[in-house]
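S.K.: My questions are about this predicted structure, shown below with the sequence.
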Amino acid sequence: MRLGILGTASTARFFFGQRAENCEIVAVASRDRERAHRVADAYGIPNRFGSYDELLADPSIDAVYIPLPHHLHCEYAVRAARCGKHVLVEKPAALCTREIESMLTACREGGVMCMEALMYRFKRIHARVRELVGAGEFGPLQYVDFNWCFPIRLLRRSSFRLDSRLGGGALMDVGVYGVDFLRFLTGAEPVLRSAFIHRDRPEGVDLFAHVVCGLGEVVGTITCGYTADANYYVVAGERGSVIVPGSVSGRMVENTASFHVVDQDSRHEERFPRENPYIKVLEYFAACVARGVAPEPGLENSLHNIGFLEMVFREAVAI
Ligand SMILES: NC(=O)c1ccc[n+]([C@@H]2O[C@H](COP(=O)([O-])OP(=O)(O)OC[C@H]3O[C@@H](n4cnc5c(N)ncnc54)[C@H](OP(=O)(O)O)[C@@H]3O)[C@@H](O)[C@H]2O)c1
């Protein structure tokens, strides 16, 4: 698969300069032609474009990766599909269910595939936790407590996250992982019970949010934000629990999960070697395109995630 990248996002560095087995990064586009040249030269990418539409018009490109500010995901996914390109779009797939529906329509009409790059699903540690939950290792699940908060001002992350016109805000940025993770782990659809959102001004983005939901018999909580520093999740059942520091972060470091099973009186840690989940997503997507098989999770999954977040925004209490 011949892939083009829209924009020069910092997230794309996990792709630039990496080798995927079945996919070649052949082009990068930037709003700034000079920047496109700089990035292409730095990473040995043969083609570079001074606008996203120029890249989309190149018939030699099979697929695009879209790591743009959130308000542009739908627009460029639809444009790419209309140009006959398969689409790997960063999270959140779009800002509302109406946008995702238009992406589904464009992809169906264009005969192309689209997948949201939920890279954590490709990390062994989370697959292992899900496997143990499914095998009943922790007994009937009681709760899943998902946390992803980082101090945005200290980390100097890009400004689109703090701009509501660009689809910023913690729920769309990292809360979306929480919703997807709860659904991935339990296989159930969340029912909203309560939600709290803090904004620094009425028209500003959500800087912090706390959400409580039910997933069948399981209680799920999602805490996400830009004003605290806490990254971990806890999965707890009647017989035991697991704590995963780092939550579902894509950081390429060794991961450790701490397991505790009560009636075996056992506590142990499992270590998971460093891996690049971004390249795994890319290789999986390219394999789906090559075989003509719809990728999992597809956009229907994104529709569930964003549908739930829409409800959170509607029902949340301001704090
Ligand atoms: N999977 C993960 O682990 C992970 C981690 C971080 C972020 N993400 C996701 O990846 C995407 C990009 O995030 P990022 O932090 O990498 O973004 P970033 O570094 O700020 O880059 C965004 C890029 O979008 C382009 N752009 C177009 N219009 C823009 C505008 N109005 N303002 C700012 N940039 C604009 C810019 O490229 P040009 O100017 O060169 O065109 C810019 O380099 C988001 O969807 C984010 O949620 C995923």
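M.R.: Yep, it's here.
S.K.: and stretch 293-302, does that touch the ligand?
M.R.: No - between stretch 293-302 and the ligand, judged by C-beta under 6 Å from any ligand atom, nothing touches; the nearest distance is 12.4 Å. C-beta coordinates here come from the backbone N, C-alpha and C atoms, glycine included.
S.K.: Quick check: residues of this protein near the ligand?
M.R.: With C-beta under 6 Å from any ligand atom as the criterion, the chain meets the ligand at residues 7-11, 30-32, 35, 67-70, 90-91, 117, 119, 158, 160, 166, 173, 250.
S.K.: Can you say which of the residues you listed are buried?
M.R.: 7-9, 11, 30, 35, 67-70, 90-91, 117, 119, 160, 166, 173, 250 (16 or more other C-beta atoms under 10 Å).
S.K.: Point me to the helix or strand that includes residue 303.
M.R.: Assigned by DSSP states H and E, residue 303 falls within helix 299-315.
S.K.: What is the distance between that helix and the centre of its chain?
M.R.: 14 Å (C-alpha atoms, centre = their mean, to the nearest Å).
S.K.: In it, which residues are buried?
M.R.: So helix 299-315, judged by 16+ other C-beta under 10 Å, has buried residues 299, 301, 302, 303, 304, 305, 306, 308, 309, 311, 312.
S.K.: other SSEs contacting it?
M.R.: helix 97-110, strand 114-116, helix 176-186, strand 191-199, strand 206-215 (3 or more C-beta pairs under 8 Å, 6 or more residues apart in numbering; DSSP states H and E).
S.K.: Can I get the last one in PDB? Just the C-alpha atoms.
M.R.: As requested, C-alpha coordinates have been extracted for strand 206-215 and formatted as PDB (Å, rounded to 0.1, in the frame of the first residue of the first chain):
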ATOM      1  CA  ASP A 206     -13.500  21.000  28.400                       C
ATOM      2  CA  LEU A 207     -10.300  21.000  30.500                       C
ATOM      3  CA  PHE A 208     -11.300  18.200  32.800                       C
ATOM      4  CA  ALA A 209     -14.200  15.700  32.800                       C
ATOM      5  CA  HIS A 210     -15.400  12.800  35.000                       C
ATOM      6  CA  VAL A 211     -17.900  10.400  33.700                       C
ATOM      7  CA  VAL A 212     -19.700   7.500  35.400                       C
ATOM      8  CA  CYS A 213     -21.500   4.900  33.300                       C
ATOM      9  CA  GLY A 214     -23.000   1.400  33.600                       C
ATOM     10  CA  LEU A 215     -21.900  -1.400  31.300                       C
END
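S.K.: Which is the succeeding secondary structure element to it?
M.R.: Taking DSSP H and E, what comes next after strand 206-215 is strand 218-225.
S.K.: what separates that following strand from the chain centre, distance-wise?
M.R.: Using C-alpha atoms, centre = their mean, the offset of strand 218-225 from its chain centre is 16 Å.
S.K.: and the direction of that strand versus that of helix 176-186, what angle?
M.R.: Here the directions of strand 218-225 and helix 176-186 differ by 160 degrees (axes from the mean of the first three to the mean of the last three C-alpha atoms, to 10 degrees).
S.K.: and residue 212, how many neighbours?
M.R.: As a burial measure, residue 212 scores 16 neighbours (other C-beta atoms under 10 Å).
S.K.: from what I can see it touches residue 221, true?
M.R.: Yes - look at residue 212 against residue 221 with C-beta atoms under 8 Å: they come within range, at 5.4 Å.
S.K.: joint contacts of the two?
M.R.: Here residue 212 and residue 221 share no contacting residue, scored by C-beta atoms under 8 Å, 6 or more residues apart in numbering.
S.K.: count of neighbours near residue 57?
M.R.: Residue 57, neighbours per other C-beta under 10 Å, totals 11.
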